[in-house]
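*Asks:* Generate a structure from the sequence data that follows.
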Amino acid sequence: MALLITILWGNGASAHETEPAIANVSVGPERFEASIILNAEALLAGIDLGTYTDTNNAPEAAEYDRLRALSAEDLTARLNTDWPRLAASFRTEGVGALTLEQVEVGESASLELTRETRITISAPMEADTARLGWVPENGVLVLRQAREGETYAALLQGGEMSAPLPATGVVEESAGEAFWRFLVEGVEHIIPKGLDHILFVLGLFFFALKWSPILWQVTAFTVAHTITLALATLGVVAIPSDWMWLVEAFIALSITYVAVENILQPRLGWWRPAVVFVFGLLHGLGFASVLGDLGLAQGQFVVSLIAFNIGVEIGQIAVIFGAFVVIMFGVWAARIARLDDPEEAMVRDLPEMYRANAIVGSLIIGVIGAYWFIERAIL
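*Replies:* As a prediction, this is how the structure comes out:
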């Protein structure tokens with residue numbers, strides 16, 4: 001279990017370093033236009049955003065840093081110069097050649113922070129519908145089409161293209177299609193994308209061997225993040241994007257807290273579910289940021305919200321079940337190696353080995369959470 005957590009950390013500690021690009025698309029009878037917020041430096045440097053979630057780990061990191069240091073004017077000039085190369089990474093159907101219409105380079109307080117750039121591209125329509133996507137190396141693309149209060153949104157990855165976008169109205173999606181799409185998004189936000197949420201759930205699992213404490217904690221966590229997810233999606237609670245780093249920092253701190261309490265106070269009282277509930281409110285805001293980027297299916301608000309939440313719960317249950325299987329297999333394998341009766345060993349040695357794994361696992365989780373908190377709140 002400790003080895004598994006360490007491997008996951010190495011592969012995902014910077015899971016929040018890069019964000020998906022967001023494209024707002026307008027399709028008319030004569031003209032196709034898309035306004036895209038993206039990480040221009042990463043695309044210009046040639047970083048494979050389908051592989052690297054942290055630009056510091058990419059072979060092109062030095063070039064990325066050089067581009068990040070450019071002024072807004074110089075970066076704009078570079079984008080215009082390199083546009084033919086970048087345009088080739090877009091995939092389209094039903095439209096002519098793409099033209100770069102406008103570049104708006106944002107500003108950030110530090111060179112260590114990602115700088116958002118908005119580009120506006122257009123093309124003449126050559127059919128009744130248009131499709132848009134880009135190569136897997138450009139990373140994830142959230143595509144939105146809105147018209148007269150109706151909205152279609154899709155998360156495109158791995159080189160996927162959008163559904164055909166009509167010149168009148170927006171893409172129509174049935175309740176079943178919307179439910180399945182958001183269910184998958186909810187699962188994927190935990191596995192494999194939500195490493196911080198995975199570690200928090202593992203922290204709940206490591207608290208005690210009995211299922212009752214796990215059930216109380218998971219219930220409190222689920223109720224809490226469901227509340228904030230619904231409120232944030234409805235617009236009742238809104239966290240400015242400039243303050244999301246604080247939410248992410250406290251999510252990291254929540255991981256460290258449950259890990260420390262697992263070691264020092266592994267007994268269920270009223271305090272533990274209450275604390276988990278408070279942390280669940282924070283994690284719900286993190287979930288809501290995903291739906292904020294993706295948007296909810298037109299006319300399917302309730303269906304989309306419920307499906308996404310169910311997907312999150314499926315992901316959490318899968319994490320707990322997987323951790324339980326790993327520990328049970330470890331007990332069985334250890335006793336087999338000593339030629340003991342495996343069924344008897346399951347009953348006799350499970351508490352002892354569970355506690356040992358829980359302490360080691362909690363220590364690793366706590367260190368990771370503390371590192372993330374310092375990285376997100378201070379660095």
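
*Asks:* hey, where'd the strands end up in the stretch 151-300 of the chain?
*Replies:* Residue ranges of the strands in the stretch 151-300 of the chain, as given by DSSP state E, counting those that start in this stretch, are 165-166.

*Asks:* now the helices for it?
*Replies:* 175-190, 195-205, 211-234, 244-264, 271-294 (DSSP state H, counting those that start in this stretch).

*Asks:* now for those, which one comes closest to G361?
*Replies:* helix 195-205 (6.5 Å; Cβ to Cβ). All C-beta spots, glycine's among them, are computed from the backbone N, C-alpha and C.

*Asks:* What is that closest one packed up against?
*Replies:* Helices and strands touching helix 195-205, as assessed by 3 or more Cβ pairs under 8 Å, 6 or more residues apart in numbering; DSSP states H and E, comprise helix 2-12, helix 175-190, helix 211-234, helix 244-264, helix 271-294, helix 301-337, helix 342-377.

*Asks:* try it again with 6 Å
*Replies:* Helix 195-205 makes packing contacts with helix 244-264, helix 301-337 when contacts are defined by 3 or more Cβ pairs under 6 Å, 6 or more residues apart in numbering; DSSP states H and E.

*Asks:* so E104 touches I119, yeah?
*Replies:* No - with contact defined as Cβ atoms under 6 Å, E104 does not count as touching I119 (7.7 Å).

*Asks:* Settle it for me: which of those two has more neighbours?
*Replies:* Ranked by neighbour count (other Cβ atoms under 10 Å), E104 and I119 place I119 first, with 23 against 13.

*Asks:* Run me through the strand neighbours of the helix or strand hosting the more buried one, direction for each.
*Replies:* Applying DSSP states H and E as the criterion places I119 in strand 117-124. Strand 117-124 has these partner strands in its sheet, going by DSSP bridges: strand 31-38 (antiparallel), strand 99-105 (antiparallel).

*Asks:* what's the closest non-adjacent residue to A252?
*Replies:* W372 (3.6 Å; Cβ to Cβ, 6 or more residues apart in numbering).

*Asks:* tally of neighbours for the one you found?
*Replies:* 25.

*Asks:* so what pLDDT did it get?
*Replies:* Predicted confidence (pLDDT) for W372: 88.

*Asks:* Can you name the element that comes right after the strand holding I119?
*Replies:* strand 129-134.

*Asks:* sorry, back to before: in TSV, list the strands paired with strand 117-124 along with distance to W180.
*Replies:* Putting these into TSV (distance: least, Cβ to Cβ, whole Å) gives the following:
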stretch	distance to W180
strand 31-38	26
strand 99-105	36
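
*Asks:* wait, isn't G50 in contact with P136?
*Replies:* Yes - applying Cβ under 6 Å, one finds G50 in contact with P136, separated by 4.2 Å.

*Asks:* hang on, the earlier thing: looking at the helices and strands packed on helix 195-205, which has the lowest confidence?
*Replies:* helix 301-337 (a mean of 82).

*Asks:* So for that one, what gets flagged as buried?
*Replies:* 303-309, 311-316, 319-320, 322-323, 327, 330-332, 335 (16 or more other Cβ atoms under 10 Å).

*Asks:* hang on, V142 in a helix?
*Replies:* No - secondary structure of V142 (DSSP: H, G, I helix; E, B strand; the rest coil): strand, not part of a helix.

*Asks:* Any figure for the gap between it and N39?
*Replies:* 13 Å (Cβ to Cβ, to the nearest Å).

*Asks:* again, but for I365
*Replies:* For I365, the distance to N39 - Cβ to Cβ - is 30 Å.

*Asks:* Could you do A377 as well?
*Replies:* A377 is 22 Å from N39, by Cβ to Cβ.

*Asks:* Have a look at these two and say which one is more surrounded.
*Replies:* A direct count of neighbours by other Cβ under 10 Å for A377 and N39 places N39 higher, at 23 against 14.

*Asks:* residue contacts, the more buried one?
*Replies:* Under the criterion of Cβ atoms under 6 Å, 6 or more residues apart in numbering, the neighbours of N39 are T114.

*Asks:* Same check on the one 3 residues further on?
*Replies:* With Cβ under 6 Å, 6+ apart as the criterion, the residues that contact A42 are 49, 55.

*Asks:* Distance of it relative to G50?
*Replies:* In terms of Cβ to Cβ, A42 sits 11 Å off from G50.

*Asks:* low pLDDT regions in this protein?
*Replies:* 1-18, 109-110, 149, 209, 241-242, 268, 290-300, 331, 334-354, 379 (pLDDT under 70).

*Asks:* what's the closest non-adjacent residue to E137?
*Replies:* Closest residue in space to E137, ignoring its immediate chain neighbours: D48 at 4.7 Å, by Cβ to Cβ, 6+ apart.

*Asks:* and the one you found, that's in a helix?
*Replies:* No - read with three-state DSSP, D48 is coil and lies in no helix.

*Asks:* That one and P136 touch, don't they?
*Replies:* No - with contacts counted by Cβ under 6 Å, D48 stays clear of P136, the gap being 8.1 Å.

*Asks:* So V95 is in contact with A34, correct?
*Replies:* No - counting by Cβ under 6 Å, V95 sits too far from A34 to count as a contact (9.9 Å).

*Asks:* ok, now how distant is I36 from Y152?
*Replies:* 16 Å.

*Asks:* Likewise for L234?
*Replies:* 20 Å.

*Asks:* No more questions from me, cheers.
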